[in-house]
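K.L.:
Sequence and predicted structure below; questions after.
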Amino acid sequence: MSERLRFLPSGSDSFLVELDDLAATLTLLDALLAARLEGVREVIPGARTVMVRFDPWLTSVAGLYDKIAALDLSTRSSRGGELFEIPVAYDGEDLGDVAEMLGCTIEEVIQRHTEATYTVAFTGFAPGFAYMTSDDPRFDVPRRKSPRVKIPVGSVAIAGKFGGIYPSDSPGGWQLLGKTPLAMWDTTRERAALLAPGDRVRFRDIAKGAVVPVSSPKPSVNDAPAQKAGLLVTRSDRPALFQDFGRPGLASQGVSESGALDRTAMIEANRCLGNPRDTAVVEVLFGGFAVKADRPATLAVTGAPCPLTIRTAAGGESSADFASPIALDAGDELVLGIPPEGMMSYLALRGGFEVQPVLGSAATDTLAKVGPAPIAAGDILVPAERRSLAVMPADAKQRRLPRAGEVVMLDIVLGPRTDWFTEHGVATLTSQEWDVTPQSSRVGMRLDGKVAIERSDNAELPSEGTALGAIQVPHSGQPVLFLADHPLTGGYPVIGVVASHHLDLAGQIPIGARIRFNSISAFEPREVIAGIEPNRTLIS
């Protein structure tokens with residue numbers, strides 16, 4: 001095989017395969033999908049890379065390297081699709097900057113953009129986000145030096161040699177040209193994503209009479225199903241979320257996995273109640289949550305150890321045990337207080353909650369806006385009343401979780417893009433403490449250090465797959481640690497990835513804590529039980 005393949009570690013259970021160009025990348029993607037190699041969980045295409053996520057219990061990384069290197073890539077893949085006309089209001093914040101970079105006027109940028117034909121190469125970043133190549137080679141502009149925290153839904157943007165449309169409000173670093181009223185992602189359609197690989201797109205200027213298709217009417221309030229009985233949410237200081245193991249294997253639709261930030265805690269909550277380990281639970285951020293039962297019910301709370309109080313209908317009050325089954329009578333209210341450590345608590349119900357799955361999961365993905373709506377005061381949590389086994393206290397010893405002001409040590413695997421940083425930059429990552437800033441969320445932690453991470457390569461990195469726990473470094477040199485709702489692909493270099501045995505811990509680090517990164521070897525074997533590494537002091 002003549003193709004040059006470069007294998008780059010990307011965490012404990014994934015790696016990137018780098019190729020010379022997009023055509024070779026799409027050929028490898030199709031070959032991998034056809035080969036169905038044992039142990040490969042998912043393949044995520046990028047502009048010049050394919051990310052391979054694998055199960056280390058079913059295969060070895062060395063074995064996968066050999067099998068991928070032996071694939072026949074001599075025949076290039078070819079794809080065809082539909083032609084779409086996308087109406088655009090050209091009022092983007094970056095139009096002036098793009099015009100300056102291209103050496104033309106704003107009017108000329110708009111003219112060039114509407115005259116070009118774009119072709120969807122692959123999907124990623126978020127559900128419905130299509131990476132499109134242009135037949136106008138002049139469209140080649142860098143990303144913003146620092147990504148925006150929030151880009152409006154429908155934003156039409158360019159970065160590098162790609163164009164795209166943001167399907168939902170999300171962070172991003174692309175240059176904004178305008179907005180379209182068309183929905184790029186709609187789960188009520190037969191094909192939720194408007195655009196698929198091979199489709200072609202022509203942009204049309206609304207100011208010059210471009211037609212805006214009429215959207216299908218949304219169901220009215222009268223069409224909504226009747227409210228059912230169950231647990232009344234009497235308090236929710238912050239929106240709580242249904243979570244489970246997420247949506248693995250949907251990268252072909254641009255859908256990231258998402259799911260519970262602390263999967264160990266979710267499993268423990270279900271184990272307390274005899275539920276299957278993947279039963280959906282309620283993820284509660286920093287406590288301040290309460291439910292009132294309308295019937296006898298058994299619940300459990302794990303994760304961040306919030307104080308638990310039971311208030312009876314008669315006015316009595318008592319404490320409840322954490323990480324143990326909690327029996328409520330009709331009229332009883334369970335109150336979750338503020339946890340002294342950690343961040344996420346998990347509320348489970350014996351028999352589970354009745355939740356309508358979206359794309360096979362009850363998880364709420366806050367970046368992609370996929371899944372059940374956030375839970376607020378006044379909502380009813382309906383029991384599913386599925387069969388369960390015997391209830392029992394969690395058999396795992398309560399973990400010591402981080403507190404604000406403490407330093408947390410996280411193991412990381414360096415790569416895949418350490419060669420984009422100087423030796424001093426790589427040393428900076430592991431030699432200093434990083435503050436967890438208030439701009440953090442389930443998408444990722446924005447970190448701040450006294451010394452920025454120094455890059456040796458300031459070029460634009462073509463978009464590529466990103467792993468859970470990836471430490472992405474924008475031009476500012478202040479890293480972002482990707483959590484459960486991270487984008488499927490990204491365009492800033494990843495200097496390292498949190499090791500799989502510390503991902504649950506990373507999800508429990510509160511704002512105000514500090515992080516130290518400890519580099520370990522890629523795919524280093526270690527003794528791990530249920531995501532917890534024994535006999536190791538993690539917090540100082």
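P.N.:
Nice, thanks for sending it over.

K.L.:
what secondary structure does the residue lying farthest from the centre of the chain sit in?
P.N.:
Relative to the C-alpha centroid of the chain, counting by Cα atoms, centre = their mean, Ala314 is the outermost residue, at 44.2 Å. The three-state assignment at Ala314 reads coil, by DSSP: H, G, I helix; E, B strand; the rest coil.

K.L.:
how close does it get to Glu333?
P.N.:
The spacing between Ala314 and Glu333, counted by Cβ to Cβ, to the nearest Å, is 12 Å. C-betas here are computed from N, CA, C, even on glycine.

K.L.:
before we move on, what about Lys450?
P.N.:
From Lys450 to Glu333 the distance is 46 Å (Cβ to Cβ).

K.L.:
same deal with Gly512?
P.N.:
In this structure, Gly512 and Glu333 are separated by 30 Å, where distance is defined by Cβ to Cβ.

K.L.:
Ala34 now?
P.N.:
Using Cβ to Cβ, Ala34 is found at 56 Å from Glu333.

K.L.:
between those two, which one's more packed in?
P.N.:
Set side by side, Ala34 and Glu333 show more neighbours around Glu333, with 19 against 8, by other Cβ atoms under 10 Å.

K.L.:
Following element in sequence after the lowest-mean-pLDDT helix or strand in the chain, please.
P.N.:
Among the helices and strands of the chain, strand 170-172 carries the lowest confidence by mean pLDDT, DSSP states H and E, at a mean of 84. Beyond strand 170-172 in the direction of the C-terminus, DSSP states H and E gives the next helix or strand as strand 175-179.

K.L.:
Packing partners of that next one?
P.N.:
In terms of contacts (3 or more Cβ pairs under 8 Å, 6 or more residues apart in numbering; DSSP states H and E), strand 175-179 is packed against strand 83-88, helix 95-102, helix 106-115, strand 155-159.

K.L.:
Take that strand, keep the C-alpha atoms, and write them as PDB.
P.N.:
Below are the C-alpha coordinates for strand 175-179, written out as PDB (Å, rounded to 0.1, in the frame of the first residue of the first chain):
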ATOM      1  CA  GLN A 175     -15.400  32.800  11.200                       C
ATOM      2  CA  LEU A 176     -19.100  33.900  11.100                       C
ATOM      3  CA  LEU A 177     -20.500  35.100   7.700                       C
ATOM      4  CA  GLY A 178     -24.200  35.100   8.500                       C
ATOM      5  CA  LYS A 179     -27.200  33.000   9.600                       C
END
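
K.L.:
After that strand, heading C-terminal, what element do we hit next?
P.N.:
Next in sequence after strand 175-179, counting helices and strands by DSSP H and E, comes strand 200-205.

K.L.:
Would you mind pulling the contact partners of the longest helix along the chain?
P.N.:
Of all segments of type helix in the chain, defined using DSSP state H, the longest is helix 22-35. The contact list for helix 22-35 (Cβ atoms under 8 Å, 6 or more residues apart in numbering) reads 3, 5, 17, 19, 40, 43, 45-50, 52, 67-68, 71-73, 75-77, 79, 121-122, 133, 197.

K.L.:
Averaged pLDDT, the helix or strand His424 falls within. What do you get?
P.N.:
According to DSSP H and E, His424 maps onto helix 423-431. Helix 423-431 comes out with an average pLDDT of 97.

K.L.:
helices or strands up against it?
P.N.:
Applying 3+ Cβ pairs under 8 Å, 6+ apart, one finds that helix 423-431 contacts strand 494-498, strand 514-520.

K.L.:
Between helix 423-431 and the shortest one, find me the angle.
P.N.:
So the one you mean is strand 494-498. Using axes from the mean of the first three to the mean of the last three Cα atoms, to 10 degrees, one finds that strand 494-498 and helix 423-431 are set 20 degrees apart in direction.

K.L.:
What of the longest one?
P.N.:
Between strand 514-520 and helix 423-431, the angle comes out at 120 degrees (the same axes, to 10 degrees).

K.L.:
And strand 514-520, what's buried?
P.N.:
Within strand 514-520, the residues that count as buried by 16 or more other Cβ atoms under 10 Å are Arg514, Ile515, Phe517, Ile520.

K.L.:
can you count the residues close to Asp278?
P.N.:
Using other Cβ under 10 Å, Asp278 has 18 neighbouring residues.

K.L.:
I meant Gly315, not that one.
P.N.:
The criterion is other Cβ under 10 Å. On that basis, Gly315 has 6 neighbouring residues.

K.L.:
what do you get for Ser361?
P.N.:
Counted with other Cβ under 10 Å, residues neighbouring Ser361 total 26.

K.L.:
So the nearest residue to it once chain neighbours are set aside versus Asp485, what's the distance?
P.N.:
Taking Cβ to Cβ, 6 or more residues apart in numbering, and ignoring the residues beside it in sequence, Ser361 has Arg247 as its nearest neighbour in space, at 4.6 Å. Arg247 sits at a distance of 11 Å from Asp485 (criterion: Cβ to Cβ).

K.L.:
Among the two, which residue is more densely surrounded?
P.N.:
Asp485 (27 against 24).

K.L.:
got a pLDDT number for that one?
P.N.:
Listed pLDDT for Asp485 reads 94.

K.L.:
circling back to that earlier point, tell me which residues of the helix holding His424 are tucked away?
P.N.:
Counting neighbours by 16+ other Cβ under 10 Å, the buried set in helix 423-431 is Gly425, Val426, Thr428, Leu429.

K.L.:
Likewise for stretch 120-140?
P.N.:
The neighbour-count criterion (16+ other Cβ under 10 Å) identifies 120-134, 139 as the buried residues of stretch 120-140.

K.L.:
Now it: average pLDDT?
P.N.:
For stretch 120-140, the per-residue pLDDT values average out at 90.

K.L.:
again with stretch 380-391
P.N.:
In this model, stretch 380-391 has an average pLDDT of 85.

K.L.:
now do stretch 353-365
P.N.:
If you average the per-residue pLDDT over stretch 353-365, you get 94.

K.L.:
residue ranges with poor pLDDT in the stretch 401-540 of the chain?
P.N.:
Scanning the stretch 401-540 of the chain for pLDDT under 70 picks out 522-540.

K.L.:
would you list every one of the helices in it?
P.N.:
423-431, 503-506 (DSSP state H, counting those that start in this stretch).

K.L.:
out of these, nearest to Asp321?
P.N.:
Ranking the helices of the stretch 401-540 of the chain by proximity to Asp321 (Cβ to Cβ) places helix 503-506 first, at 21.8 Å.

K.L.:
how distant is that closest one from the center of its chain?
P.N.:
Centre-to-centre, helix 503-506 and its host chain are 14 Å apart (Cα atoms, centre = their mean, to the nearest Å).

K.L.:
can you check stretch 138-156 too?
P.N.:
In this view, stretch 138-156 has its centroid 19 Å away from the chain centroid, taken as Cα atoms, centre = their mean.

K.L.:
what comes into contact with the least confident helix or strand of the chain?
P.N.:
Counting by Cβ under 8 Å, 6+ apart, strand 170-172 makes contact with 125-126, 147-151, 155, 157, 166, 367-368, 443, 487, all of which sit outside it.

K.L.:
please redo it, this time with the cut-off set to 6 Å
P.N.:
Outside of strand 170-172, the residues that reach it under the criterion Cβ atoms under 6 Å, 6 or more residues apart in numbering are Ala126, Pro147, Val149, Ile151, Leu367.

K.L.:
Most widely separated two among those?
P.N.:
For those, and using Cβ to Cβ, no pair is farther apart than Ala126 and Val149, which are 14.9 Å apart.

K.L.:
mind putting the buried residues of strand 514-520 in TSV, distance to Asp91 included?
P.N.:
Supplementary listing: the buried residues of strand 514-520 in TSV, determined by distance: Cβ to Cβ, whole Å:
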residue	distance to Asp91
Arg514	41
Ile515	39
Phe517	41
Ile520	48
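
K.L.:
any idea which of the residues you listed is closest to Thr466?
P.N.:
When the buried residues of strand 514-520 are compared for distance to Thr466, the smallest value, 17.0 Å, is given by Phe517; criterion: Cβ to Cβ.

K.L.:
The closest one and Asp136: what is the separation?
P.N.:
Taking Cβ to Cβ as the criterion, Phe517 is separated from Asp136 by 42 Å.
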